[in-house]
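Asks: next one to model:
(one chain, ligands or ions: 2)
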Amino acid sequence: MEIVKIEGLTFTYSGSDTPAISDINLSIEEGEFVLLLGPSGCGKSTLCRCLNGLIPHFYAGKMEGRVIVAGMDVSKTPTYVLSQHVGMVFQNPENQLFSLTVENDVAFALENLGIPRDEIRRRVDFALKAVGIEDLRKRSPFELSGGQQQKVAIASVLALMPKLMVLDEPTSSLDPASAKSIIETILKIRKELGTSIIVAEHRVELLADKVDRVIVMQKGRIIKDGRPREIFVSEEMVPYGIPVPKVVSMAKGVNKYFQVFNEIPLSSEEFEQDIRRFVHDKVR
Ligand SMILES: Nc1ncnc2c1ncn2[C@@H]1O[C@H](COP(=O)(O)OP(=O)(O)OP(=O)(O)O)[C@@H](O)[C@H]1O
Ligand SMILES: [Mg+2]
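Replies: Ligands and ions are numbered 1, 2, ... in the order given. Here you go, the predicted structure:
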């Protein structure tokens, strides 16, 4: 089943003459893991906002076309209903936190939905465990590191058990080690829960070989949609300044001198395996 179906979507913010996104047509299957790429200002955040109803419910502008998420027409569905199906995580975790303790923050949306106490407790435990922050539950979110705060934000969304999670540059305000930890958390959620995930993320190194699909945007349009290998290995994307995992260019460089890689690797693990195999065959 499709978790997202977008038809002819164009959105222009109030006060702007040009659409932020234009004629977007997109289907995403339930369980798919999608990486959204594109230069600053190309419309990634705008597209993400259309998936949980922030557009058109909170942002003023002109919307054309249709966005169906989990079978619901986003423009006709209240955001509190959508929030139970689509979880959204943003760039700056501190903007998403407001309670005195981590566990209250994670429980907040559930309480607002009138979910029974026992069920809330069960879901909060589940979400904190899934994200690996059970030890932080009594802490104040405001005394945590940026990476820990982002994990609280992810847990708050997970507690709603959404069918789709949309993460808009979740690591861009974090240091490299925290960013890595957040990406590992996303991979764990994907592996253990099979949640459909759309993530806009510039740090492609840890995701390139894990996602099912890469969507590339430019100037408000989708210009390429394909498997990671098609996007990262073909030279065609180079002029668009799409971030490519370092191992791809390294492997291409090596292959100019020795045919080490039959298929260009997307991760350092694949890279290492191929090098080992090559050396092993040579010394035999
Ligand atoms: N709230 C807003 N009001 C008016 N215009 C906006 C608003 N948010 C974004 N825009 C405009 O819409 C276009 C797309 O912006 P958007 O934030 O979706 O891009 P992005 O790909 O997420 O960029 P970045 O990588 O910098 O986050 C830009 O021209 C931007 O200036
Ligand atoms: Mg953005």
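
Asks: burial count for the residue nearest to Ile120 when sequence neighbours are not counted?
Replies: With Cβ to Cβ, 6 or more residues apart in numbering as the criterion, Ile120 has its nearest non-adjacent residue at 4.6 Å, and that residue is Leu110. To be clear about C-beta, it is placed using only N, CA and C from the backbone, and glycine gets the same treatment. Residues near Leu110, counting by other Cβ atoms under 10 Å, number 22.

Asks: for the residue in the stretch 101-250 of the chain positioned nearest to ligand 1, the count of nearby residues, please.
Replies: Relative to ligand 1, the nearest point of the stretch 101-250 of the chain is Glu169 (6.1 Å; Cβ to the nearest ligand atom). Glu169 has 20 neighbouring residues, counting by other Cβ under 10 Å.

Asks: do the one 4 residues further on as well
Replies: By the other Cβ under 10 Å criterion, the neighbourhood of Ser173 contains 18 residues.

Asks: likewise for Phe126?
Replies: Close neighbours of Phe126, defined as other Cβ under 10 Å, add up to 16.

Asks: skip the chain neighbours and tell me the closest residue to the residue of the stretch 101-250 of the chain closest to ligand 1.
Replies: Gln91 (4.6 Å).

Asks: distance check, the one you found against Gln150.
Replies: Using Cβ to Cβ, to the nearest Å, one gets 9 Å for the distance from Gln91 to Gln150.

Asks: quick one: end-to-end distance for stretch 29-36.
Replies: In stretch 29-36, first residue to last residue: 15 Å (Cα to Cα, to the nearest Å).

Asks: also stretch 82-100?
Replies: With Cα to Cα applied, stretch 82-100 spans 26 Å between its terminal residues.

Asks: quick one: it to chain centroid distance?
Replies: 13 Å (Cα atoms, centre = their mean, to the nearest Å).

Asks: also stretch 221-236?
Replies: Relative to its parent chain, stretch 221-236 has a centroid offset of 17 Å by Cα atoms, centre = their mean.

Asks: you'd agree Arg137 is up against Ala127?
Replies: No: look at Arg137 against Ala127 with Cβ atoms under 8 Å: they stay out of range, at 10.4 Å.

Asks: neighbour count for the two, which is higher?
Replies: The residue with more neighbours, out of Arg137 and Ala127, is Ala127; 26 against 17, by other Cβ under 10 Å.

Asks: now do the same contact list for that one.
Replies: Listed by Cβ atoms under 8 Å, 6 or more residues apart in numbering, the contact set of Ala127 reads Val106, Ala155, Ser156, Leu158, Ala159.

Asks: check which residues of stretch 45-58 are buried.
Replies: Applying a neighbour-count criterion of 16 or more other Cβ atoms under 10 Å, the buried positions in stretch 45-58 are Ser45, Thr46, Leu47, Cys48, Arg49, Cys50, Leu51, Asn52, Gly53, Leu54, Ile55, Pro56.

Asks: if we look at ligand 2, which of these are close to it?
Replies: Ser45 (Cβ under 5 Å from the ion).

Asks: which ones among the buried residues of stretch 45-58 map onto helices?
Replies: In helices, judged by DSSP state H, the following of the buried residues of stretch 45-58 are found: Ser45, Thr46, Leu47, Cys48, Arg49, Cys50, Leu51, Leu54, Ile55, Pro56.

Asks: and the host helix or strand of Val214, how far out from the chain's middle?
Replies: Assigned by DSSP states H and E, Val214 belongs to strand 213-218. Centre-to-centre, strand 213-218 and its host chain are 12 Å apart (Cα atoms, centre = their mean).

Asks: for stretch 90-101, same thing?
Replies: Centre-to-centre, stretch 90-101 and its host chain are 18 Å apart (Cα atoms, centre = their mean).

Asks: that one spans what distance, first to last residue?
Replies: Stretch 90-101 has its terminal residues 20 Å apart, counting by Cα to Cα.

Asks: hmm, it touching ligand 2?
Replies: No: applying Cβ under 5 Å from the ion, one finds stretch 90-101 separated from ligand 2 by no less than 7.0 Å.
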